[in-house]
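A.B. asks: How does the following fold in three dimensions:
(one chain, ligands or ions: 1)
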Amino acid sequence: MKILLVIPPAFYMTSDRVFPPLGILYVCAWLKKKGKHPEVLDLTGEKEWKEIFRKAVKIKKPDFIGFTATTPDLPAVISLLKICKKINSDIKTVIGGAHATVDPYSLYMFDKIVIGDGFSASQKAFSDDSSKFIKEPLIKDLDKIPLPDREAVNLNKYSYYLDGKKAANIMSHLGCPFSCAFCCGRKSEYYNKPRFRSPKKVLEEMDTLNKKYGYEAFVFYDDEFNLSKNYALKLCSLLKKRKYIWRAPVRADLLDEKLAFEMKKSGCVEVTVGVESGSEKVLKLCGKKTTPEINSRARKICAQAGIRFKAFTVVGLPFSSFEDEKLTEKWLLENLPDSVDINVNTPYPSSPEYENKRKYKIKFKADYFKKPVSYKYDPKKYSGFCDNSYLSPDEMVKIRSKMAEKINRALKNRFK
Ligand code: SF4
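C.D. replies: Here you go, the predicted model:
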């Protein structure tokens, strides 16, 4: 039985080939452990992705093709599905990943749809089992899962540098129990129940990546690295024994001096923080459970510890007016993070705002299957998709551009 696992091209990203998607590589490793021989076709960043896929299907003649897809990947994956069925309608198509988990019934056109953990579901998905929707119980002990099969892709295609060192992505846990209005999967047990790998296993994976490929830098692909302070401290105490450098996302309210200094001592050079908004009202109504003061405090703690602070903010969150956006700009100018990423609010299925548009007073018009719904879809001209009752999509994009210009100028001038 031939299985082809496909990583879609992700042409909506401004910088392709930063990190390989780990989910499908976990599936690949699991299938191999169970005696199957899947191959991975990595279309990330490939301009001729349709042609490459067409040729691969004709030459490899797979019995099954497995796709992974986030919501913005859908247009590309649907094109690939059509190509595949045109070549041979008997090929069984399987889809898993984030969109399949949170909105499985929208993917009825695939033969099998995997809801939740792809690794454990993969045996049923790539077999003659006739169920269309496959949902296996949540795997509580993540240490039982084999490490992602990075051998299955060409890692040289990917590059992300942290302080001049090529970095690998790695996850220490899955899931986050908070329910921020703009964050996907809040109702799915696969995304809202934190499951931690043992710190020892995380370190083992880093050591393997170091020995096998020479990685000395790592980026944690966690929801929030510091969901559990005890866990984070344990991991830091192990990391202190190495000379790796790393970056991780943290929640501002869960960061304190002790943790920040331990993170620094164990190699953390940068954190990414969901500051989201400079408006206390917006943070509260979006359920972020932080305040601008909490974010400022975290910014100061990082500066004292010597960790760079990268702020993520979002223009056009629910209930955010022009005045609220000005508060975000003010927060950024006053706190001067080391770097800033300003997004435009884009509601995705299974985020509280998308599921309850009336409550959050948003209007949203976009067909996920027609074009990639991502504000960065066209890097030359960012797009908005949502009206939050105060701001139209175009206004959000304009506010974002002006804010980015001002902040970038301020960041450049800070050392002058
Ligand atoms: S934004 Fe962060 S804290 Fe909020 S739900 Fe998502 S992962 Fe959790």
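
A.B. asks: pLDDT score assigned to the closest residue to Lys240 other than its chain neighbours?
C.D. replies: Leaving aside its chain neighbours, Lys240 sits nearest to Ser266 (4.5 Å; criterion: Cβ to Cβ, 6 or more residues apart in numbering). (Each C-beta comes from the backbone N, C-alpha and C, glycine too.) You'll see Ser266 listed with a pLDDT of 98.

A.B. asks: Ser266 contacts Leu233, doesn't it?
C.D. replies: No - under the criterion of Cβ atoms under 8 Å, Ser266 lies out of contact with Leu233, with a separation of 9.4 Å.

A.B. asks: Who has more neighbours out of those two?
C.D. replies: Ser266 (20 against 16; other Cβ atoms under 10 Å).

A.B. asks: Next up, the contacts around the more buried one.
C.D. replies: Leu235, Cys236, Ser237, Leu238, Leu239, Lys240 (Cβ atoms under 8 Å, 6 or more residues apart in numbering).

A.B. asks: at 10 Å what do you get?
C.D. replies: 232-233, 235-242, 244-246 (Cβ atoms under 10 Å, 6 or more residues apart in numbering).

A.B. asks: hmm, which of those residues are the buried ones?
C.D. replies: When neighbours are counted using 16 or more other Cβ atoms under 10 Å, the contacts of Ser266 contain these buried positions: Ala232, Leu233, Leu235, Cys236, Leu238, Leu239, Tyr244, Ile245, Trp246.

A.B. asks: In strands, which of these appear?
C.D. replies: When the buried ones among the contacts of Ser266 are checked against strands using DSSP state E, the ones located there are Ile245, Trp246.

A.B. asks: farthest-separated two in the buried ones among the contacts of Ser266?
C.D. replies: Leu233 and Ile245 (18.4 Å; Cβ to Cβ).

A.B. asks: The residue in the stretch 201-350 of the chain that the ligand sits nearest to in helix, strand or coil?
C.D. replies: With Cβ to the nearest ligand atom as the measure, the residue in the stretch 201-350 of the chain that lies nearest the ligand is Asp223; the distance is 3.7 Å. For Asp223, the reduced secondary structure class is coil; criterion used: DSSP: H, G, I helix; E, B strand; the rest coil.

A.B. asks: How about it: what's its closest non-neighbour residue?
C.D. replies: For Asp223, the nearest residue in space outside its immediate sequence neighbours is Cys176; the separation is 3.7 Å by Cβ to Cβ, 6+ apart.

A.B. asks: Equivalent analysis for Ser131, please.
C.D. replies: Sequence neighbours aside, Lys124 is the residue nearest to Ser131 in space, at 6.9 Å (criterion: Cβ to Cβ, 6+ apart).

A.B. asks: same thing with Leu254?
C.D. replies: Using Cβ to Cβ, 6+ apart and skipping residues adjacent in sequence, the residue nearest Leu254 is Asn226, 4.7 Å away.

A.B. asks: okay but Val315 is in contact with Tyr375, surely?
C.D. replies: Yes - counting by Cβ atoms under 10 Å, Val315 does reach Tyr375; the two are 9.1 Å apart.

A.B. asks: Please identify which of the two sits among more neighbours.
C.D. replies: Under the neighbour definition other Cβ under 10 Å, Val315 and Tyr375 were set side by side, and Val315 has more, 29 against 24.

A.B. asks: ok now do Ala410, which residues does it touch?
C.D. replies: Ala410 makes contacts with Glu329, Leu332, Leu333, Glu334, Leu336, Val340, as judged by Cβ under 10 Å, 6+ apart.
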